[in-house]
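1. After the sequence you'll find the predicted model.
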Protein chains: 2
Amino acid sequence: MAARMSTRPEKVNLADKFGRFSEYWKQKIVAEVNDFYVKIAKLKGSFEWHRHNEEDEFFLVVKGRLTIRLRDRDIALNEGELFVVPRGTEHLPVAPEEAWVLVLESKTAVNTGDRGGARTAAPEWI
Amino acid sequence: MAARMSTRPEKVNLADKFGRFSEYWKQKIVAEVNDFYVKIAKLKGSFEWHRHNEEDEFFLVVKGRLTIRLRDRDIALNEGELFVVPRGTEHLPVAPEEAWVLVLESKTAVNTGDRGGARTAAPEWI
């Protein structure tokens, strides 16, 4: 599990944090709240179909647009809109253009869920 | 504990939800993520000094400004800034003008923490 950068909590400016990285689909931890991480990510293109069997996953679009494809419908999110993918639900995030998102999920969650594979990556503090 | 409004998850538009109420200091639940509630609130004026012994509390300012006073310093938050009050830490939220915030904390948290009193209120789904 990623080590916390500092023990003295400070405020986080989202625009500042988003300005510190450019890779897509790499979650960065900006805060922890009990057993949850608050993470940010830049998304572009498609991820991979996957599910988290134990963890719900919260997405809030901070900038741009994100579609979360489910097997039976698409959830189209604009800036200021959020959606929680229930645990056990297969989903595919798709962002035609660059999108900035805030992600909230249990510290135990793995980005690729049950799928694993080359795009599996642990989140890091930023 | 507040009952969930619907079992089929839908997206949430924050501006729409904020437009549905006007009371200050009344947390409204907009989503649940495992054992956490995602809540919104409109704040104006001062709340009361309190602490949550078991729950960290996450504040993200969506609109306006919020100062979270701690016993040893003030955390001044502008739009797009967030702070997590660690469990066990006394704090006093103060908003000179109306502020809109996203709050994230465990479902077990009580708004007035260990203090209790007249301003204690359970969050409701909106």
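-> It's in.
2. Nearest residue to the middle of chain A?
-> A:Val103 (3.8 Å; CA atoms, centre = their mean).
3. so it touches A:Lys39, yeah?
-> Yes. With contacts counted by CB atoms under 8 Å, A:Val103 reaches A:Lys39, the gap being 4.5 Å. Any C-beta I mention is one placed from the backbone N, CA and C, and that applies to glycine too.
4. Need the residues touching each of the two.
-> Listed as contacting both A:Val103 and A:Lys39 by CB atoms under 8 Å, 6 or more residues apart in numbering or on different chains are A:Gln27.
5. Enumerate every residue touching the residue nearest to the centre of chain A.
-> Per CB under 8 Å, 6+ apart, neighbours of A:Val103: A:27, A:38-41, A:57-60.
6. The helix or strand harbouring A:Thr67 and chain B in contact?
-> In the assignment (DSSP states H and E), A:Thr67 maps to strand A:66-70. No. Judged by CB under 8 Å from any CB of the partner chain, strand A:66-70 makes no contact with chain B; its nearest approach is 8.5 Å.
7. got a list of contacts for that strand?
-> Contacts for strand A:66-70 (CB under 8 Å, 6+ apart): A:43, A:59, A:74-77, A:83, A:85, A:89-96, A:99, A:101.
8. can we see that at 7 Å?
-> For strand A:66-70, contacts defined as CB atoms under 7 Å, 6 or more residues apart in numbering or on different chains pick out A:43, A:59, A:74-77, A:83, A:85, A:89-95, A:99, A:101.
9. Stretch A:57-64 now?
-> A:14, A:66, A:68, A:77-85, A:95, A:97-105, A:109, B:31, B:33, B:38.
10. Against which helices or strands is the helix or strand just after the strand holding A:Thr67 packed?
-> Going down the chain from strand A:66-70, the next helix or strand is strand A:74-77, by DSSP H and E. Secondary-structure packing of strand A:74-77 (3 or more CB pairs under 7 Å, 6 or more residues apart in numbering or on different chains; DSSP states H and E): strand A:66-70.
11. Neighbouring strands - and their directions - for the strand it packs on?
-> Strand A:66-70 has its sheet partners listed here by DSSP bridges as strand A:74-77 (antiparallel), strand A:91-106 (antiparallel).
12. Out of the ones you listed, which is the most enclosed?
-> strand A:91-106 (a mean of 20; mean count of other CB atoms under 10 Å in any protein chain shown).
13. and that one, average pLDDT?
-> On average, the pLDDT along strand A:91-106 is 96.
14. Stretch A:64-84 now?
-> Averaging pLDDT along stretch A:64-84 gives 97.
15. what's the spacing between that stretch and its chain's center?
-> 13 Å (CA atoms, centre = their mean, to the nearest Å).
16. How about stretch A:100-118?
-> Distance, centroid of stretch A:100-118 to centroid of chain: 7 Å (CA atoms, centre = their mean).
17. Just the CA trace of it, in PDB.
-> The C-alpha trace of stretch A:100-118 is given here as PDB (Å, rounded to 0.1, in the frame of the first residue of the first chain):
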ATOM      1  CA  TRP A 100     -10.100  14.700 -15.300                       C
ATOM      2  CA  VAL A 101     -11.800  12.700 -12.600                       C
ATOM      3  CA  LEU A 102     -11.900  12.300  -8.900                       C
ATOM      4  CA  VAL A 103     -12.200   8.700  -7.800                       C
ATOM      5  CA  LEU A 104     -13.100   7.400  -4.500                       C
ATOM      6  CA  GLU A 105     -12.800   3.800  -3.400                       C
ATOM      7  CA  SER A 106     -11.600   1.500  -0.700                       C
ATOM      8  CA  LYS A 107      -7.900   1.200  -0.300                       C
ATOM      9  CA  THR A 108      -8.200  -2.500  -1.200                       C
ATOM     10  CA  ALA A 109      -9.400  -1.800  -4.700                       C
ATOM     11  CA  VAL A 110      -7.200  -2.700  -7.700                       C
ATOM     12  CA  ASN A 111      -7.600  -0.500 -10.800                       C
ATOM     13  CA  THR A 112      -8.200  -3.400 -13.200                       C
ATOM     14  CA  GLY A 113     -10.500  -5.300 -10.700                       C
ATOM     15  CA  ASP A 114     -10.800  -9.000 -11.400                       C
ATOM     16  CA  ARG A 115      -9.200  -8.600 -14.800                       C
ATOM     17  CA  GLY A 116      -5.600  -7.900 -13.900                       C
ATOM     18  CA  GLY A 117      -3.200  -7.700 -16.800                       C
ATOM     19  CA  ALA A 118      -0.700  -5.100 -18.100                       C
END
